[in-house]
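Participant: I would like the atomic coordinates for the input below:
(one chain, ligands or ions: 1)
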Amino acid sequence: MAGKPVRTAILPVAGLGTRFLPATKAVPKEMITLVDKPLIQYVVEEAAGAGIERIILVTHASKSAIENHFDKNYELETELARRGKDALLEVARNTCPPGVHIAAVRQAEAKGLGHAVACAAPFVQDEPFAVLLPDVLLREETPGDDLRVMMERFEATGASQIMVEPVLQDQVDKYGVVDIGGRPLGPGEAAPISRLVEKPPVDAAPSNLAVVGRYVLDGAVMALLEQTPPGAGGEIQLTDALDALLRQATVEAWHMRARSFDCGDKLGYLKATVEWGRHHPQLGEAFGQWLEQQH
Ligand code: G1P
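Facilitator: Residues are numbered from 1 along each chain as shown. I've put the predicted structure just below:
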C-alpha cells in the first residue's frame, strides 16, 4: 500500500543542551557552529536535500536565535548591499534553502521527545512527516540522501522508516534500540521491526541497532502519542509511541549509509569539527595539510 508524499519535517529544538554547558548557557545548542554554519542549518539543508518543503521547529522561549537565523535580517542585508559585498549577501540570504518554509511552535514544558513531536500535531494532522533530531549530523556525499531514500520507501510501501546504525553493545542504553529478529542488516538495507525499546539495560537490549535520530512516520503516530504514558526518564518517549505503531502497521529499520556525528556531545562535536573542516570547500585543503603536520 503506497504512502502519501512526505513534505513536512518536525525538528525538536526545545532542549536546553545541558550536555554542552557552558557553551549553551546563552546560546542554543543548535546555534553552535561547525566551521562557519550553525548545526541547525546543516540539518535544515539535509531535510531540504531530501525533498522536505515545510519545517516545523518545536522550540522554547529561550531559543529565538534559531528562528532569527532563518529569517530576513534587513539591517545586515542592507549594509552588505551598500558595501557591494554580494557574495556575503547571498550567504546571509540563503540560510533557509529555497523552496523551504519554516514555522515554529513552542514546547512549553520539557516532557520529552514524544511530547515535543506531539506539539506539532495540529499542523500536520493526518499527514506523514519526518523527524530530524538536530543533535545528530550525518556526513553524506549529498546532504539528505539517506532521508530521501527513507521517504521514497515510505511513499512506495506505506511503511514508516526509522534510521538505525550499530553501536557498541555497552552503549545501547543511551539509545532507542530495535528488534529485527536477529537478522543481519547492512548499510542501505531495511527490515521490519518487531519491537522498539528506549534506553534498554545493556544486558537486555534486543540488538545493538540504535535509533540515530531520523524518522519518516505515518501520521497515525500523533494519535498514539496522545495515549503514550511517560516512559524512560519519566518522559513521553517517541520510541514508545512507535512501538505501539508497529503493532498496527509496518515500521522498518533503515540501516543508514552515512556516518553519524553526535554534536550534542563534546567529543562527538570535536570529531565533527575535524570532519567538516577537512571537507570544507574553501578551508578543507589548508586545514587538512595543517592536520597532517600535527602528528
Ligand atoms: C533520542 C531518542 C532515542 C535515539 C536518540 C538518538 O534520545 O529518544 O531513541 O536513539 O535520540 O540520538 P536522546 O538522545 O534525546 O536521549
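Participant: and the helices in the chain, which stretches?
Facilitator: Along the chain, the stretches classed as helices by DSSP state H are 39-50, 64-70, 74-82, 86-93, 113-118, 121-124, 145-157, 221-226, 238-245, 266-278, 284-292.
Participant: CA atoms of the first one as CSV?
Facilitator: Output of helix 39-50 as CSV, limited to C-alpha atoms (Å, rounded to 0.1, in the frame of the first residue of the first chain):
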residue,chain,number,x,y,z
LEU,A,39,24.4,22.9,13.4
ILE,A,40,20.7,23.6,12.7
GLN,A,41,21.4,24.9,9.2
TYR,A,42,23.1,21.6,8.3
VAL,A,43,20.0,19.7,9.5
VAL,A,44,17.7,22.1,7.6
GLU,A,45,19.8,21.6,4.4
GLU,A,46,19.7,17.8,4.9
ALA,A,47,15.8,18.0,5.1
ALA,A,48,15.7,20.2,2.0
GLY,A,49,18.1,17.9,0.1
ALA,A,50,15.7,15.0,0.8
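Participant: and that helix, what does it pack against?
Facilitator: Judged by 3 or more Cβ pairs under 8 Å, 6 or more residues apart in numbering; DSSP states H and E, the packing partners of helix 39-50 are strand 8-12, helix 64-70, strand 129-132, strand 136-139, helix 145-157. C-beta coordinates here come from the backbone N, C-alpha and C atoms, glycine included.
Participant: just to revisit the earlier point, generate a markdown table for the helices of the chain, with distance to the ligand, mean neighbour count and mean pLDDT as supplementary columns.
Facilitator: Shown next, in a markdown table, are these (distance: least, Cβ to the nearest ligand atom, whole Å; neighbours: other Cβ atoms under 10 Å; pLDDT from 0 to 100):
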| stretch | distance to the ligand | mean neighbour count | mean pLDDT |
| --- | --- | --- | --- |
| helix 39-50 | 12 | 23 | 98 |
| helix 64-70 | 17 | 16 | 96 |
| helix 74-82 | 33 | 12 | 95 |
| helix 86-93 | 29 | 13 | 94 |
| helix 113-118 | 5 | 25 | 97 |
| helix 121-124 | 18 | 15 | 96 |
| helix 145-157 | 15 | 20 | 97 |
| helix 221-226 | 13 | 19 | 96 |
| helix 238-245 | 5 | 24 | 97 |
| helix 266-278 | 10 | 16 | 96 |
| helix 284-292 | 27 | 12 | 95 |
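Participant: who's in contact with the closest residue to the ligand within the chain?
Facilitator: Across the chain, no residue is closer to the ligand than G176, which sits at 2.5 Å (Cβ to the nearest ligand atom). Residues in contact with G176 (Cβ atoms under 8 Å, 6 or more residues apart in numbering) are I162, L196, V197, E198, K199, A210, V211, Q237, L238, T239, L242.
Participant: rerun that using 6 Å as the cut-off
Facilitator: Applying Cβ atoms under 6 Å, 6 or more residues apart in numbering, we find G176 in contact with E198, V211, T239.
Participant: name whatever forms a beta bridge with R214.
Facilitator: L132 (DSSP bridges).
Participant: residues touching it, list them.
Facilitator: L132, L147, M163.
Participant: picking up where we left off before, if the residue of the chain closest to the ligand is in a bridge, with which residues?
Facilitator: E198.
Participant: okay, now R19: neighbour count?
Facilitator: Using other Cβ atoms under 10 Å, R19 has 16 other residues around it.
Participant: might you report the residue contacts of it?
Facilitator: If you count contacts by Cβ under 6 Å, 6+ apart, R19 has them with G264, D265.
Participant: distance of it from G264?
Facilitator: Separation of R19 from G264 (Cβ to Cβ, to the nearest Å) stands at 5 Å.
Participant: swap in R195?
Facilitator: Per Cβ to Cβ, R195 is found 26 Å from G264.
Participant: those two: who's more crowded?
Facilitator: G264 (23 against 14).
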